[in-house]
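> Here is a sequence together with a model predicted from it:
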Amino acid sequence: MTTSESPIVIVISALSDELHAFTQNRGTGRKKLVWDQYTITVSNHFICKKGNFTLGNKNLLIYAADAANNMGMTEATLLATKAILSCEKYFNIKPAMLAMIGVCGGIQKDNSEGDEFIGIGDIITTDIAVHFFFGKMNRDQPGKPIFAKGTQSSLTDSPLYNHLTNFFTKGGKSLLSQIQNAYTGQSPSRNLFSHSGTIASSDLVVANEDILLQAKDVGGRKTIAVDMESYSVLKVASHFKVPGMVLKSVSDYANPDKGSESEDRYRKYAYHTSAEALYLFLKYLVEKTDFFLQKTTQV
């Protein structure tokens, strides 16, 4: 066992490319982050990348790991749990934050309801992720799921989510332009936006519009995106009493075109907007808030 006087941030993703977008030395000022391959040698050998994030006299330790391209809530649960327990066993302190980055499927606007347009690459933040496709199948209507109540993981009113909301509100168009302009590859012609709303998680890749319609109003809240991990990551964070957050970007729409060449051409751009947003958010927390003060609680 060793000790750390610096707050520890754990960053996880489902796909290796998602994590690489965060650990590569590109983007706004990220060349200052030096990453090392690292193994926390406890009972489960948590293999990750370690980065030191220093601003003035303040320092964060960042441990970043992916699920080796294994998507889904089970893999995300195992990765998040392993990361937190490894940190606690090795450093004898709780992580200051568990953050998940990566991509999700956006739910396209419904003009009749006045929905906000969600574009490819747009950043999604959520105070609640729900377990979609959970419960039992209705025998009278085969294929229509009945959702169990009480499955929501919530960040509502938490200091972390409030800081995240303020980050995007105060940064405004200038912040989003900064994120967008830091990318040098192919990107959409439209401006980048951020959206806050419910993410519905499932172990299924949702490419069926009929199923998607059922996801749009899970638990009485309007869903703006779907993925395969957010619910379980927030659930694990809540269980271990570690501040958790999800910061994902839209790489495609949950429809029959999902996975097509036209849908996937901006996937790397979505990796970037998610990763760059997290980096700048961590910088904001260190420079503008007291979030990381006294975040080295022993276990």
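In hand now; what should we look at?
> For the host helix or strand of residue 85, name the packing helices and strands.
Assigned by DSSP states H and E, residue 85 falls within helix 73-91. With contacts defined as 3 or more Cβ pairs under 8 Å, 6 or more residues apart in numbering; DSSP states H and E, the packing partners of helix 73-91 are strand 8-13, strand 34-40, strand 46-55, strand 58-66, strand 97-106, helix 230-239. For every residue, glycine as well, the C-beta is placed using N, CA and C.
> Can you spell out which helices and strands pack onto the first one?
Helices and strands touching strand 8-13, as assessed by 3+ Cβ pairs under 8 Å, 6+ apart, comprise helix 16-23, strand 58-66, helix 73-91, strand 97-106.
> what's the answer for the fifth one, then?
The elements that strand 97-106 packs onto, with contact taken as 3+ Cβ pairs under 8 Å, 6+ apart, are strand 8-13, helix 16-23, helix 73-91, strand 223-227, helix 230-239, strand 244-253, helix 267-288.
> okay if I get these as CSV plus mean pLDDT?
Formatted as CSV, the helices and strands packed on strand 97-106 follow (pLDDT from 0 to 100):
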stretch, mean pLDDT
strand 8-13, 94
helix 16-23, 92
helix 73-91, 90
strand 223-227, 87
helix 230-239, 91
strand 244-253, 93
helix 267-288, 94
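> so the helix holding residue 85 versus strand 244-253, what angle?
Using axes from the mean of the first three to the mean of the last three Cα atoms, to 10 degrees, the inter-axis angle of helix 73-91 relative to strand 244-253 is 150 degrees.
> Pull out the buried positions in helix 73-91.
By 16 or more other Cβ atoms under 10 Å, the buried positions in helix 73-91 come out as 73, 75-91.
> What of stretch 168-176?
Here stretch 168-176 shows 168, 171, 175, 176 as buried, counting by 16+ other Cβ under 10 Å.
> Quick one: mean pLDDT for that stretch?
The predicted model assigns stretch 168-176 a mean pLDDT of 96.
> what residues does it touch?
For stretch 168-176, the surrounding residues in contact (Cβ atoms under 8 Å, 6 or more residues apart in numbering) are 123, 125, 167, 178, 191, 192, 193, 194, 196, 280, 284.
> which residues touch the fifth one?
Taking Cβ under 8 Å, 6+ apart as the contact definition, residue 191 lies against 173, 176, 177, 180.
> coming back round to it: want to throw the helices and strands packed on helix 73-91 into a markdown table with distance to residue 274 and mean neighbour count?
A markdown table is the format used below for the helices and strands packed on helix 73-91 (distance: least, Cβ to Cβ, whole Å; neighbours: other Cβ atoms under 10 Å):
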| stretch | distance to residue 274 | mean neighbour count |
| --- | --- | --- |
| strand 8-13 | 9 | 26 |
| strand 34-40 | 17 | 13 |
| strand 46-55 | 17 | 18 |
| strand 58-66 | 13 | 21 |
| strand 97-106 | 5 | 27 |
| helix 230-239 | 12 | 24 |
